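J.: Need coordinates for the following:
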Amino acid sequence: MADLPPARLRLFRPAFYSTGMDCFGPYTVKVGRRTEKKWGIIFKCLTTRAVYIDVLHNLDADSFLMALRRFTARRGTPFELISDQGTNFKGGERELREAFAALAPELQAHLARQQIEFRFNPPNAPHFGGCWEREIRSLKQALTATIGAQSVTFDVLQTVLVEIEGILNSKPLGYTSSDIADLDPITPNSLLMGRPDSTLPPVVYPESELISRRRWRHSQVLADHFWRHFLRFYLPGLQTRQKWQGDISDIQVGTTVMIVDPQLPRALWPVGRVSEVFPGADGRVRTANIKVGEKTYTRPIARIIQLPSISE
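T.: Below you'll find the model as predicted:
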């Protein structure tokens, strides 16, 4: 099992500094006497586990860019965005890159630090984004419990998704004790808004704490308190390695392999040779390019079966 990726350890950084994203749906909404399909998009902070949910009117690059602008306006510009290779994500990344290249050199130098780094997982590898795929499962369960299969208006769908966002951000990150004397567990809301539940009223300061410096100091102490609990009670739980204890050799260039394709019968799975490998930060190969005839496929190691070498 690999070490935790850097995106999971952006400690003392703003929430959503490293963000994973994906789309889900469609859902049917009522518009007058007709119905339309709407999709949802989820942004998940890979460090604090906080989520941001929005609605997409279409699965195209324009709708994604509009959702990205709303996200950055509310949660700040992320350092990196990680997703699958959806056409809307790829198209949005291309448009942003082309717009940046068209700017004057002075503006490029000024905005260089604010560029978002897009990272795409290999095809047929949903486990690369398991962090937010599991959150989509929780979201769909909540949607099924609230609206079921009925068609609702756009306002109802948007309101339910925002309320589900609050529920997901209120989930405890660690162990919850039944003893009332024990400390409350850290939740994503603790790091987003300074309190574990968004429904609680804001803190009321006494008259002696109205000096701005003292209030700023109080907020800083509170933020440090939450981060200390995050590091002490939640982060150690991510370090356990329960699987893949054995050490196996990495796949090499030139190895004959079979590509696993669940949409085809096993007898028709393509066979080719590894033309390029992509080691991770720990030096282990987890993605490779396989050349089958004149085509080249990028696949994760979990979708590749190594075959005995074929003599030519």
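J.: following the least confident helix or strand in the chain by mean pLDDT, which helix or strand shows up next?
T.: Every helix and strand in the chain was compared by mean pLDDT, DSSP states H and E; the lowest is helix 212-229, with a mean of 58. Of the helices and strands lying after helix 212-229 in sequence (DSSP states H and E), the nearest is strand 256-259.
J.: neighbouring contacts of that next one?
T.: Strand 256-259 has contacts (CB atoms under 8 Å, 6 or more residues apart in numbering) with 251, 269-274, 288, 290, 292, 297, 299, 303-310. Where you see a C-beta, it was placed from the backbone N, CA and C, and this is true even at glycine.
J.: so after that strand, what's the next helix or strand?
T.: With secondary structure assigned by DSSP H and E, strand 256-259 is succeeded by strand 271-279.
J.: Could you pull out the buried residues of that next one?
T.: Neighbour-count burial for strand 271-279 flags Gly272, Arg273, Val274, Val277 (criterion: 16 or more other CB atoms under 10 Å).
J.: of those, closest to Leu231?
T.: Within the buried residues of strand 271-279, the smallest distance to Leu231 is 35.0 Å, found for Val277 (CB to CB).
J.: isn't Arg13 right up against Thr48?
T.: No. Look at Arg13 against Thr48 with CB atoms under 8 Å: they stay out of range, at 9.1 Å.
J.: what about those two, which has more around it?
T.: Neighbour totals were compared for Arg13 and Thr48, and Thr48 leads with 28 against 13 (other CB atoms under 10 Å).
J.: Pretty sure the more buried one sits against Pro188.
T.: Yes. Counting by CB under 8 Å, Pro188 is a contact partner of Thr48 at 5.3 Å.
J.: got any residues that touch both of the two?
T.: Listed as contacting both Thr48 and Pro188 by CB under 8 Å, 6+ apart are Ala15.
J.: didn't Leu9 look like it was pressed against Thr48?
T.: No. Counting by CB under 8 Å, Leu9 does not reach Thr48; the two are 11.3 Å apart.
J.: Looking at this protein, which strand is longest?
T.: As assigned by DSSP state E, the longest strand anywhere in the chain is strand 18-31.
J.: and that one, what does it pack onto?
T.: Contact partners of strand 18-31 among helices and strands, from 3 or more CB pairs under 8 Å, 6 or more residues apart in numbering; DSSP states H and E: strand 34-45, strand 80-83, helix 130-146, strand 152-153, helix 154-169.
J.: which of these is buried the deepest?
T.: strand 80-83 (a mean of 22; mean count of other CB atoms under 10 Å).
J.: Give me the contact list for stretch 293-304.
T.: 122-125, 127-128, 251, 257-261, 270, 272, 274-275, 285-291.
J.: Can you turn the buried subset of these into a selection I can paste into PyMOL?
T.: Entered in PyMOL, the line below selects the buried ones among the contacts of stretch 293-304, by 16+ other CB under 10 Å:
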select buried, resi 122+124+125+128+251+257+258+259+260+272+274+285+286+287+288+289+290
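J.: Between the helices and strands packed on strand 18-31, which one is closest to Trp244.
T.: Of the helices and strands packed on strand 18-31, nearest to Trp244 by CB to CB is helix 130-146, at 14.4 Å.
J.: on that earlier part again, strands paired with the longest strand of the chain, and their directions?
T.: strand 34-45 (antiparallel), strand 80-83 (parallel), strand 152-153 (parallel) (DSSP bridges).
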